[in-house]
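Participant: need a 3D model of the sequence below.
(one chain, ligands or ions: 1)
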Amino acid sequence: MDQPPRILMCPPTYFGIEYEINAWMSRSRPSDHAEATRQWQALREVLVRVGASIEEVLPVKELPDLVFTANAGLVFRNKVVLSKFLHPQRQREEPVFSEWFMQHGFEVVPPPEGISFEGAGDALFCGETLFAGYRLRSDASGHQRIAETLGCRVLPLELVDPYFYHLDTCFCPIDRETALYYPRAFDEYARRALQEAIPRLIAVEEPDARRFGCNAVVVGRHVVTNTGCESLHHQLREHGCEPWATPLDEFLKSGGSAKCLTLRLDGEDAATWKFETT
Ligand code: ARG
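Facilitator: Prediction:
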């Protein structure tokens, strides 16, 4: 059998709502630490159940968002392009992730100069194309340069809704020809580009999108989301997927859910490069 899918997570020891850098976060709505810990643990257990092998980066005091490992960088084969966060509060995570990747045998590629880039939060492969969200967190020019470095095609997608500020909050590749998206998070041009590029594009309804349904972890045909995404789960079943629900409300308070709490270390299942034998 193939190697199990490898996923990077970070325990929520120091997770909390300590600053406000997106529309979901408010210091007047703190997260419950014990509940966040239970929810994170339950997510980890579901991922193990669907066959993933979990690796962990050690939590660091005063880095409450380090739990969102999706933002560590963009993995491509044995390379990782590190993130350059837009907000200074999260820039302090950069050396922690960089160190972890170096110690775990990745070729660490620094982000292009003078741009912001938030890793797999804003850059996701579907087939051979890198779909890249820009405007709210990452810069379009950075994606262009990263794609040149990796030698892949990039499709820039403008994000327009502050509640869907990272691409992985409104777009989720399922396999090489299938993806979820929340149409209203994109500008008109990006919507059309997605419709042309992806043969089976599943539009997620607003209530499910607001429950972060698009922020799903895909392991083979298993799709793991927050609870309260019933219509989406129905849509997923119709497409031959097996949906799983696990409560992640404490992380929604920070503007994150299942996918944000994970980073695929061996490439997303939807990425063609993962299956090339080079
Ligand atoms: N509080 C974090 C931030 O605003 C949440 C990050 C969510 N990550 C993601 N990949 N969407 O940066």
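
Participant: so which residues on this protein come close to the ligand?
Facilitator: Residues of the chain found near the ligand (Cβ under 6 Å from any ligand atom) are 21-22, 25, 65, 68, 70-71, 90, 121, 166, 168-169, 254-256, 260. Just so you know, the C-beta spots here come from the backbone N, C-alpha and C atoms, and that holds for glycine as well.

Participant: please identify the buried residues of stretch 70-86?
Facilitator: For stretch 70-86, burial by neighbour count (16 or more other Cβ atoms under 10 Å) applies to 70-76, 80-86.

Participant: inside strands: which ones of those residues?
Facilitator: Among the buried residues of stretch 70-86, DSSP state E puts 73-76, 80-82 in strands.

Participant: out of the buried residues of stretch 70-86, give me the two with the largest separation.
Facilitator: F76 and L86 (21.7 Å; Cβ to Cβ).

Participant: closest to W244 out of the residues of the chain next to the ligand?
Facilitator: For these, the nearest to W244 is C260 (16.4 Å; Cβ to Cβ).

Participant: so the closest one: helix, strand or coil?
Facilitator: The three-state label given to C260 by DSSP: H, G, I helix; E, B strand; the rest coil is helix.

Participant: is it true that it touches D65?
Facilitator: No: C260 is beyond contact range of D65, at 9.2 Å (criterion: Cβ atoms under 8 Å).

Participant: okay, and the common contacts of these two?
Facilitator: Taking Cβ atoms under 8 Å, 6 or more residues apart in numbering as the criterion, C260 and D65 both touch N71.

Participant: buried set for stretch 232-244?
Facilitator: Quick answer for stretch 232-244 (16+ other Cβ under 10 Å): 232-233, 235-236, 241, 243-244.

Participant: out of the residues you listed, which sit inside helices?
Facilitator: 232-233, 235-236 (DSSP state H).

Participant: pLDDT for the residues you listed - can I get that in a markdown table?
Facilitator: Putting those into a markdown table (pLDDT from 0 to 100) gives the following:
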| residue | pLDDT |
| --- | --- |
| L232 | 98 |
| H233 | 98 |
| Q235 | 98 |
| L236 | 98 |
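
Participant: quick revisit: dump the buried residues of stretch 70-86 to TSV, plus distance to A36 and pLDDT.
Facilitator: Below are those laid out as TSV (distance: Cβ to Cβ, whole Å; pLDDT from 0 to 100):
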residue	distance to A36	pLDDT
A70	17	98
N71	18	98
A72	19	98
G73	24	98
L74	26	98
V75	26	98
F76	31	97
V80	27	98
V81	29	98
L82	26	98
S83	23	98
K84	27	98
F85	21	98
L86	24	98
